[in-house]
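Chemist: Here is a sequence together with a model predicted from it:
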Amino acid sequence: GEKVEQHESTLSVREGDSAVINCTYTDTASSYFPWYKQEAGKGLHFVIDIRSNVDRKQSQRLIVLLDKKAKRFSLHITATQPEDSAIYFCAPSGSFNKLTFGAGTRLAVCP
Amino acid sequence: NAGVIQTPRHKVTGKGQEATLWCEPISGHSAVFWYRQTIVQGLEFLTYFRNQAPIDDSGMPKERFSAQMPNQSHSTLKIQSTQPQDSAVYLCASRDWGSYEQYFGPGTRLTVL
């Protein structure tokens, strides 16, 4: 089955800097690549996604890059703000349905 | 729009008892998903329904776990003879079939003593 890895368990950046969170996967059939965010004591919230037919997608301060050859995709958060502090999960899927989550990367944005 | 509703938010059971968890998806969403989250295993897919029909239960433990969706407004996850290793946060999500984003509920924290 799909194996998903987020190599950085924690990441700390200064407010205003950019943060990059990486995710690798093993299943070549994966075609949908979302990111979810979990704030302390709260549920999971969708952040941004990318499909396999493109290699870059931007939504305001969020950019997702997809490298299908390397089976890697990354979340870039520019001009970070304290409210960006959370755990970020990647969750590639081959069907838009069953999501396989990474272990999460805890992002801390320090003032 | 109240979002995905899960009840109860917290449940404590004794070992060997039964636990039933409820999920009310967002109105109009035709797909319902169940996941569980533990510190050790992380977030794991359990099962999902589309238009109330079970589609994929590949993540469900073969014994003691069952899920149903008797109508479009709710789904249940039942765990029989609960064991301490069943302790987890159980998350329900729903999706409008025309889009890809899954909307998650707040979860039910199950503690088995």
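Modeler: Cool, got the structure. Numbering: from 1, shown residues only, chains lettered A, B, ... in the order given.

Chemist: which element follows the helix or strand containing A:Leu75 toward the C-terminus?
Modeler: Here A:Leu75 sits within strand A:72-77, counting by DSSP states H and E. Tracing the chain C-terminally past strand A:72-77 and defining elements by DSSP H and E, one meets strand A:86-90 next.

Chemist: Show me what that following strand is packed against.
Modeler: strand A:19-25, strand A:32-38, strand A:72-77, strand A:105-110 (3 or more CB pairs under 8 Å, 6 or more residues apart in numbering or on different chains; DSSP states H and E). C-beta: built from backbone N, CA, C; applies to glycine.

Chemist: Now with 7 Å, please.
Modeler: strand A:32-38, strand A:105-110 (3 or more CB pairs under 7 Å, 6 or more residues apart in numbering or on different chains; DSSP states H and E).

Chemist: Need the ones you listed in a markdown table (columns: mean pLDDT and distance to B:Ala93).
Modeler: Formatted as a markdown table, those follow (pLDDT from 0 to 100; distance: least, CB to CB, whole Å):
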| stretch | mean pLDDT | distance to B:Ala93 |
| --- | --- | --- |
| strand A:32-38 | 97 | 10 |
| strand A:105-110 | 97 | 21 |
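
Chemist: can you put these in TSV and add distance to B:Val32 and mean neighbour count?
Modeler: Formatted as TSV, these follow (distance: least, CB to CB, whole Å; neighbours: other CB atoms under 10 Å in any protein chain shown):
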stretch	distance to B:Val32	mean neighbour count
strand A:32-38	17	22
strand A:105-110	28	18
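
Chemist: and of those strands, who's closest to chain B?
Modeler: Smallest distance to chain B across these (CB to the nearest CB): 6.1 Å, for strand A:32-38.

Chemist: residues making contact with the closest one?
Modeler: A:44-51, A:64, A:66, A:73, A:75, A:86-93, A:96, B:100 (CB atoms under 7 Å, 6 or more residues apart in numbering or on different chains).

Chemist: Kindly report the same for stretch B:72-80.
Modeler: The set of residues external to stretch B:72-80 that reach it, using CB under 7 Å, 6+ apart, is B:18-24, B:32, B:34, B:49, B:52, B:64-69, B:86, B:90, B:92.

Chemist: can you give me how far it is from the chain middle?
Modeler: 7 Å (CA atoms, centre = their mean, to the nearest Å).

Chemist: ChimeraX command to pick out the buried ones of the contacts of stretch B:72-80?
Modeler: Of these, the buried ones go into a single ChimeraX selection, burial set by 16 or more other CB atoms under 10 Å in any protein chain shown:
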select /B:19,21,23,24,32,34,49,65,66,67,69,86,90,92
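
Chemist: which parts of chain A sit against chain B?
Modeler: By CB under 7 Å from any CB of the partner chain, the residues of chain A that approach chain B are A:32, A:43-44, A:46, A:49, A:89, A:96-101, A:103.
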